[in-house]
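Q: Coordinates for the following, if possible.
(chains A and B)
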Amino acid sequence: MTIQDKNLVWLDLFEFLTYHKKVKLLEIFNVNTDIKKSFLSNSKLRDVLNEQEITKMSALTSNEFLDRKIEEYTKANIKIITIYNPNYPDMLKEIATPPFVLYCKGNTQLLNSYCVGIVGSRKHSDYGLVTTKQYAKALAENNITVVSGMAVGIDTIAHKTALEQTGNTIAVLAGGFNHIYPAINIKLSREIEQSNLLISESAPDVAPLSYLFPIRNRIIAGLSHAIIVTEAGVKSGSMHTANYAFDFNREVFAIPGKINSPYSSGTNQLIKDNKANITLSPDDVFEVLNLTKKEKIENDEIQLDINAQLVLNYLNAEKKTFQQLVDLTKLPAQELNAILTELEMTGMITKLANNSYISNK
Amino acid sequence: MLAKILSFGLNGITGYPVQIELDINNGLPGYDVVGLADTAIKESKSRVKAAIKNSAFNYPINKVIINLAPADTKKEGSMYDLPIALGILAAEDIIPNKSLSGYIILGELSLDGEIRKLNGILPMLISAKQMGYTKFIIPKENAVEASFIDKLEVFPVETLKQVVSFLKGEINIEKLSNKSYEDVLKEHNYKHDFAYVKGQVSAKRAMEIAAAGGHNILLIGPPGAGKTMLAKCFPSILPDMTFEESLEVTKIHSVAGLLDTNRGIVVERPFRSPHHTATLIALTGGGQKAKPGEISLAHNGVLFLDEMPEYARNTIETLRQPMEDGYITVARNALTVQYPANFILVASMNPCPCGYYGSTTHECKCTPSAIHKYLSKISGPLLDRIDLHIEVDSINYDDLSGGELEEPSCEIKKRVNKAREIQLERFKDSGIYSNAKMNEKEFKKYCALNKECNNILELAFKKMNLSARAYNRILKVARTIADLDGKENIEKQHILEAIQYRSLDKKYSV
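A: Alright, predicted model coming up:
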């Protein structure tokens, strides 16, 4: 670890140092020398920090303290990639406020892979579920890294779909790695760090405070060549991500929804404001980004029996409840249940809440 | 003068003989009861005195001492009024002392000498019969209840005067004739019937499986979907109770004072639905007198927990052990009682706190974390004991307005009975009666899968996010489905169907 890296990691230990203050500190200090050592002797220090902050920081200037912290990180398999590191993603350097340090868990090579972000609200409709799956699947199949924020809802669906397709995915967290948020996704975070990537701008001990989330969204936008908002309300954090992406000159895509649907009000607004391209299928994304989409490898046609095909045909048209399927197909409940399980297992349909089913096509 | 009369007491649902000894001495007039009697027994003084006087007999102007043996067991209830009154009359030589011997006498007196009904006659008679007692004098109002036990000489009586004349040999009271359980069973009809439940084919099918295999079942659905209605119909497709089962249930209901004295025996499988504010004691049983709780009242029947996540966590957690053992031991200061508690649990819940998660007609207002919190109110170990989870669709107007009746419960019951017969045959000597109660050994033996089924299950676990605990449940349910199908081995379609009944194991939103 170079002295520059160490300086940045040391600054990250103090949560009161905002991005703005860090920038100023790096102006008054020479980053190539140990900031800790010359910390109190710097004459301009009081222009940037108040007395309290100075006292706190000067109390922790020992080398042992920092080394112990770094050792702690290494033990927890956390890799530190600072802005001075050659592996630091070029895409992020382009933005106005690139994070100084990226704490990473997993496969750091993904940082420089071709990334596209998929974001959306935590609460979503069946429509959001299906479209997110569709887009994430198309990206993953074509070796494009799916970037998202690991929140519940659309983010989780995006990550999980990418994992299912053994594609690549990066989850950008707001808090540090010692506070995985939301807790319900701890299992998912472990799956991601196995061969994919978790990153965070915050040092591992930083709690996921609310102000960190909008800041985090700029990293999602920065890393990605394009952002796809699959389903979001107007007040969703995804709107931040889309706005950042728009500011950073990234492509923004929004999937249109019903004009009266609260779930799609945000995406519709983006389209109306001309901030996002309308996308009606993953092909649009590939076309705008000038990517060639791999010819879809047809999985060996699964031979369905006549009743299963019948059920699938009904579901292809529209989502149906169990009762509706019974009425339409006239199949007895036991047989229909068996067929639905089979279709669900082969990944052709998804079971939704309220006992209804939808085709994955 | 001394008199001795035999009566009976109750400890939980088992009876024990109580010897009542009566001595009338010279001395200041008084009435002393010894032998750990409760207030109701001590108060018998006024009832006995008035009843004797009002039946035109003389009440002694002497000291009456009454001993209830065994003297170290607490006794309670009003059943000793009649034996005490008769004892006094015998000690006074109004009735011959001899005539009382051999009878077990039970009854509460009213002031005018009428004999009132008692709770718990049936369990006392059953215990007495086992101990070899055969002759009984009981209140007439309890006669129907007693008439289901054969080989007993039971004399139902209405007034004190009548008993006295009977014991003196002046009149004859007809012995109670035996009633046949089968006759009562035939007459009986369930109030709720699946014929009147529109649609809901998937839920009905799941309930059929639950009934056939004795599985616990959880219904998940929006408000107004008909979860409660479905649950109420559930007892009507359960196999009829055998006479022994019915007696067990009647015993508990008799002790709790819930028995319909006109019918005298519980024919219908009990359906208990305690409100979610019910306390732990109300469910498990207890209180000063260690009374049976809701789970024991639901013995051999259905315990319905509506809106299960609304129950206090510790209240429903206490269900775990009795669900496993089939009985509950209620220990109190004065006594320890074991009540049977072998019930099928039918629970219902909404998919989220507001109830409209996934609904097409209403917007759900719950945050994802609120939904998660709501669902996680039911602990893993409890979910472990519920084999079937089924989502209940909300009903649309077309379903409601159709005029045709659906398949009646009795038709479903026929299939259930058939599946139960297969299970009874299978578990002949192992002490269990249904697939739901299989232990590891039986499970290995009867739920073996062929290669194709194994592959399906493996694929399902991988693709559908099933938790490990689902494995045994799926196989048990598949076993029941195969039984309903009349197949000896579990086949592909059985497994596939069984997997559908684990909706809560699959992650809810993704």
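Q: how about the spatially most central residue of chain A, what does it touch?
A: In chain A, the residue lying closest to the centroid (C-alpha atoms, centre = their mean) is A:Ser148, at 1.3 Å. Taking C-beta atoms under 8 Å, 6 or more residues apart in numbering or on different chains, we find A:Ser148 in contact with A:117-119, A:154-155, A:158-159, A:169-172, A:220. (Each C-beta comes from the backbone N, C-alpha and C, glycine too.)
Q: Distance to chain B for those residues - can I get that in CSV?
A: Formatted as CSV, the contacts of A:Ser148 follow (distance: C-beta to the nearest C-beta, whole Å):
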residue, distance to chain B
A:Gly117, 18
A:Ile118, 14
A:Val119, 15
A:Ile154, 10
A:Asp155, 10
A:Ala158, 10
A:His159, 10
A:Thr169, 14
A:Ile170, 19
A:Ala171, 15
A:Val172, 19
A:Ile220, 19
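Q: Cross those against helices and list the overlap.
A: Cross-referencing the contacts of A:Ser148 against helices under DSSP state H gives A:154-155, A:158-159, A:220.
Q: tell me which of those is nearest to A:Lys75?
A: A:His159 (25.8 Å; C-beta to C-beta).
Q: Show the contacting residues for the residue lying closest to that closest one once chain neighbours are set aside.
A: Spatially, and ignoring its direct neighbours in sequence, A:His159 is nearest to A:Thr169 (5.1 Å; C-beta to C-beta, 6 or more residues apart in numbering or on different chains). Counting by C-beta under 8 Å, 6+ apart, A:Thr169 touches A:140, A:145-148, A:158-159, A:162-163, A:192, A:196-197.
Q: Dump those into a markdown table; add pLDDT and secondary structure as well.
A: Formatted as a markdown table, these follow (pLDDT from 0 to 100; DSSP: H, G, I helix; E, B strand; the rest coil):
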| residue | pLDDT | secondary structure |
| --- | --- | --- |
| A:Ala140 | 95 | helix |
| A:Thr145 | 96 | strand |
| A:Val146 | 97 | strand |
| A:Val147 | 97 | strand |
| A:Ser148 | 97 | strand |
| A:Ala158 | 96 | helix |
| A:His159 | 96 | helix |
| A:Ala162 | 95 | helix |
| A:Leu163 | 94 | helix |
| A:Ile192 | 96 | helix |
| A:Asn196 | 96 | coil |
| A:Leu197 | 96 | strand |
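Q: Name the residue of the stretch 151-300 of chain A that lies nearest to chain B.
A: A:Val152 (4.5 Å; C-beta to the nearest C-beta).
Q: SS state for that residue?
A: Secondary structure, DSSP: H, G, I helix; E, B strand; the rest coil: A:Val152 is coil.
Q: where does it fall, phi/psi-wise?
A: Backbone torsions for A:Val152, taken as degrees, to the nearest 10, come to phi -70, psi 170.
Q: isn't it right up against B:Pro368?
A: Yes. Assessed by C-beta atoms under 8 Å, A:Val152 is found in contact with B:Pro368 at 4.5 Å.
Q: what about stretch B:339-353, how long is it end to end?
A: End-to-end distance for stretch B:339-353, by C-alpha to C-alpha, to the nearest Å: 35 Å.
Q: Tell me the spacing between A:Ile28 and A:Ser41.
A: The gap separating A:Ile28 from A:Ser41 is 11 Å, by C-beta to C-beta, to the nearest Å.
Q: So for these two, which sits in the more crowded spot?
A: Counted by other C-beta atoms under 10 Å in any protein chain shown, A:Ile28 and A:Ser41 do not tie: A:Ile28 has more neighbours, with 13 against 7.
Q: one step back: and the contacts of A:Ser148, which two are furthest apart?
A: Farthest pair in the contacts of A:Ser148, by C-beta to C-beta: A:Ile154 and A:Ile170, 15.5 Å.
Q: Which residue ranges make up the domains of chain B?
A: Under the assignment automatic domain parsing, the domains of chain B span B:2-168, B:186-425.
Q: The residue lying closest to A:Asn168 once chain neighbours are set aside: how many residues sit nearby?
A: Using C-beta to C-beta, 6+ apart and skipping residues adjacent in sequence, the residue nearest A:Asn168 is A:Thr145, 4.2 Å away. A total of 24 residues lie near A:Thr145 under the criterion other C-beta under 10 Å.
Q: Is it correct that A:Thr145 is in contact with A:Ile170?
A: Yes. Counting by C-beta under 8 Å, A:Thr145 touches A:Ile170, with 5.8 Å between them.
Q: anything in contact with each of those two?
A: Contact with both A:Thr145 and A:Ile170 is made by residues A:110, A:115, according to C-beta under 8 Å, 6+ apart.
Q: can you tell me the average pLDDT over stretch A:317-337?
A: Stretch A:317-337 shows a mean pLDDT of 88.
Q: hmm, back to that, looking at the contacts of A:Ser148, state which has the most neighbours.
A: Highest neighbour count within these, by other C-beta under 10 Å: A:Gly117, with 34 neighbours.
Q: quick one: the one residue in the stretch 301-450 of chain B that gets nearest to chain A and B:Ile371, what's the gap?
A: Chain A sits closest to B:Gly358 of the stretch 301-450 of chain B, with a gap of 2.6 Å, by C-beta to the nearest C-beta. According to C-beta to C-beta, B:Gly358 and B:Ile371 sit 10 Å apart.
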